[in-house]
Each structure stands twice: as structure tokens, then as C-alpha cells.
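# with the sequence up front, the predicted model follows.
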Amino acid sequence: MKGESIQGAIFDVGNVLIQLRPFRPPHSSSNRDEAGRPAAGDPLLLLRRSGALDRLERGLATDFEFFDEARRILGIRHGNDELQRLYEAVLGDPMPGMAELLEELHRRGVKTVGLSDISFTHLARIQNYPAVRLLGRVVASCRTGYRKPEPESFRAALLELGTQPAATLFVDDRPDNIDAGAKLGLRAVLFEGSEALRGALFGRLAV
């Protein structure tokens, strides 16, 4: 990847800076097939397809409204406190090597922001992670109302950075988001681990 030097970088948070766990309430009907065996897939995907998660992450629903929909869609009876605990537990361990990579970018004068489809609850909790604290800011869907791969979400991150697309790296673990960023002129790289990203950044990109 050649071109002008990288001046700014936009990082997805989930599964790039922070490892995510499945949202899997026990004993939910969505976790069992017709024979009573564990069903494949993450119930969070059902909540995304229903629009429940979309509303939460756009700031259009409260946690409690989201939990009401989760009970209905997943066929569970968990109380709000238990669902809150399970939902917050989606945030797992720091992604290995990413805090160190961000520190290296900063030493080279590259500004960084996060770009995340995220609820207000998770937005508050991710501030405890070292890599997130190194970011200039997290441009969050619950604040902007825009989610990736909508162009407005990328434009909000570029506005925060103050850089042009051709001079801005974008890192995400989802190919559809990478494609959308590339269409806007961002230097988009699919995340496949910190070591692979380090090789792309410091081996092929002008940083």
C-alpha cells in the first residue's frame, strides 16, 4: 500500500482492541435446537437482526428496553441485573499487542481514534482498557446515531482526526466495514492479529 504518509488512524474497538465474548444467557430458547441440543450461533446476532441491538447502539433505546426485547426474542426470564451482568461480560480481555502498537504509532506522530458500534454502557466500561485510553477519543454510534458501514460514521471519525482519507488508516475485523472504508478512500486494513497489522503498518505503509 503506497501513497502519502499516514497521519491518522481509525481503530474498531471490538475484536481489534478488545476481545469480545458471546452474549449467551443460559437456558434461553435460542440456545437449543428442536432436539434440545445447544444451538449454533450467538444470541447477540438474533438481537442484531431483530433491530434491538441496533436501537441500543444508536442511542435510541435504554439498557432496560433492550433487556425487555432480549427476554422476548430469546425466550428467557432473566432479571435486569442478571442481563446487565451478562451483557457487560461480552467485553473480554485486551487484544494482545494492540496497546504497544498504538504507543508506537503515537511515537511516530500518528493521531488515533476509535470507531465503534457500541452502547453507552459498554462505552463507559471500555475506558478501563489500556489501548482505549491511548486513543484520542472513541467515536461511538450511541452518540452519533450512525453505525458502520454507514459513510457518516467514517466521516465523523475523520472529522475528529482532522485528516484526509488518503492519509488515514482504518482497521476493522469485518470485511464489509473494510470495503465501506476503502470506498471512501481510507487506507483500510482487515485486522488479523496485532503481529500481522504491525507488519502491514511498519513494513509496507509509510508511517
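Structure's in. What do you need?

# so in this structure, where's the weakest helix or strand by average pLDDT?
Sorted by mean pLDDT, DSSP states H and E, the helices and strands of the chain end with helix 43-50, the least confident at a mean of 86.

# elements contacting it?
helix 52-57, helix 63-74 (3 or more CB pairs under 8 Å, 6 or more residues apart in numbering; DSSP states H and E). Every residue, glycine included, has its C-beta placed from N, CA and C.

# could you point out which element follows the longest one?
Going back to what we said before, that points to helix 63-74. helix 80-88 (DSSP states H and E).

# returning to that earlier point: ok and the least confident helix or strand of the chain relative to helix 63-74, angle-wise?
Using axes from the mean of the first three to the mean of the last three CA atoms, to 10 degrees, the direction of helix 43-50 lies 100 degrees away from that of helix 63-74.

# let's see helix 43-50 as CSV, backbone CA atoms only.
Output in CSV follows, covering the C-alpha atoms of helix 43-50 (Å, rounded to 0.1, in the frame of the first residue of the first chain):
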residue,chain,number,x,y,z
PRO,A,43,-27.9,-14.9,20.5
LEU,A,44,-26.5,-11.4,20.1
LEU,A,45,-26.9,-11.9,16.3
LEU,A,46,-30.6,-12.6,16.8
LEU,A,47,-30.9,-9.3,18.7
ARG,A,48,-29.0,-7.6,15.9
ARG,A,49,-31.2,-9.0,13.2
SER,A,50,-34.3,-8.0,15.2
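
# how far out from the middle of the chain is it?
16 Å (CA atoms, centre = their mean, to the nearest Å).

# same deal with stretch 113-130?
Using CA atoms, centre = their mean, the offset of stretch 113-130 from its chain centre is 8 Å.

# list the buried ones in that stretch?
113-119, 121-123, 125-126, 129 (16 or more other CB atoms under 10 Å).

# dump these into JSON lines; add distance to Pro149 as well.
Converted to JSON lines, those look like this (distance: CB to CB, whole Å):
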{"residue": "Val113", "distance to Pro149": "17"}
{"residue": "Gly114", "distance to Pro149": "16"}
{"residue": "Leu115", "distance to Pro149": "11"}
{"residue": "Ser116", "distance to Pro149": "13"}
{"residue": "Asp117", "distance to Pro149": "10"}
{"residue": "Ile118", "distance to Pro149": "15"}
{"residue": "Ser119", "distance to Pro149": "19"}
{"residue": "Thr121", "distance to Pro149": "23"}
{"residue": "His122", "distance to Pro149": "19"}
{"residue": "Leu123", "distance to Pro149": "20"}
{"residue": "Arg125", "distance to Pro149": "24"}
{"residue": "Ile126", "distance to Pro149": "21"}
{"residue": "Tyr129", "distance to Pro149": "24"}
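
# which strands and helices lie in contact with the helix or strand hosting Glu160?
Element membership for Glu160 (DSSP H and E) is helix 151-161. Counting contacts by 3+ CB pairs under 8 Å, 6+ apart, helix 151-161 is packed against strand 8-11, strand 111-116, strand 138-140, helix 141-144, strand 168-172, helix 175-183.
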